[in-house]
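Q: Here's my sequence, what's the structure:
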Amino acid sequence: MRRPNLARERFENSRPVWVVGAVLAVVAVTLSLMSVSELLGARGVEQDQLEQVHRLRAERDRLAREVATTDRELAAVGWRKLQAEAEAFREVVARRQLSWSTMLGDLERTIPWDVRLVSVSPQVQKDGSLRLVLSCVAISREAWLRLLAALFADPSFSDPVPANEVAPASSGGQGYQVGLSVTYWPGGRP
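A: Now for the predicted structure:
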């Protein structure tokens, strides 16, 4: 037997559409709340970063002013004069630290017995050594050459350079008058 359809319109089952719609609405609300939450969090981070940028710009401006002030102060300094004074002061300090007794003891140990030292003029070098200008009188040319060999061999001296030599016949004196310069290292060669 057939049952009659008493409804005027055809029955449509809309429950699945409402369930899917409700689930989608809940998902949409949840995602919207998450987006708003992230937006607020990002705005907070952005505000913190903007404040940090402002602080850093203020610090940069302060440092730029300090640099400009320091540059003006340094521009007023006479650098050449200051450098010359510092160099003169360094030379004075180096001369004060020169131990004449040690230097003369090293010379005495090195110079052969038949060579007489007439004068010594030290000049302080930047590397801590001294350039000595020596005037000597040697009994013979061999004694003079032994002096050069001894200066080459000694660890306290380096780079001996003969400056002049006057033979006894031309000078009318006794022995060879010799001038030379040599580098003296107070603590030995580095």
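Q: distance between the ends of stretch 70-81?
A: For stretch 70-81, the first-to-last residue distance is 19 Å (CA to CA, to the nearest Å).
Q: taking the mean pLDDT, what do you get for that stretch?
A: For stretch 70-81, the mean pLDDT works out to 83.
Q: Work out the gap between that stretch and the centre of the chain.
A: Mean-position distance between stretch 70-81 and its chain equals 21 Å (CA atoms, centre = their mean, to the nearest Å).
Q: ok, now stretch 154-168?
A: Centre to centre, stretch against its chain (CA atoms, centre = their mean), the figure for stretch 154-168 is 38 Å.
Q: Show the average pLDDT along that stretch.
A: For stretch 154-168, the mean per-residue pLDDT is 86.
Q: can you give me the helices for this protein?
A: For the chain, the helices defined by DSSP state H cover 15-75, 79-97, 100-110, 141-153, 168-171.
Q: Specify the beta-bridge partners of residue 136.
A: Note on residue 136: beta-bridge partners by DSSP bridges are residue 117, residue 178.
Q: That one against residue 116, yeah?
A: Yes: with contact defined as CB atoms under 8 Å, residue 136 reaches residue 116; the gap is 6.4 Å. All C-beta spots, glycine's among them, are computed from the backbone N, C-alpha and C.
Q: Those two - which one has more neighbours?
A: Shown here are residue 136 and residue 116; by other CB atoms under 10 Å, residue 136 has more neighbours (21 against 14).
Q: how close does that one get to residue 120?
A: Distance, residue 136 to residue 120, by CB to CB, to the nearest Å: 10 Å.
Q: same check, this time on residue 52
A: Residue 52 is 68 Å from residue 120, by CB to CB.
Q: So for the two, which sits in the more crowded spot?
A: residue 120 (16 against 10).
Q: What's the separation between that one and residue 37?
A: Residue 120 is 89 Å from residue 37, by CB to CB.
Q: got it, and residue 46?
A: 15 Å.
Q: Just list the residues touching residue 66, thanks.
A: Contacts for residue 66 were tallied using CB atoms under 8 Å, 6 or more residues apart in numbering; there are none.
Q: Check the gap between it and residue 56 for me.
A: Taken as CB to CB, the span from residue 66 to residue 56 is 15 Å.
Q: can you check residue 37 too?
A: Noted for residue 37: a distance of 29 Å to residue 56, by CB to CB.
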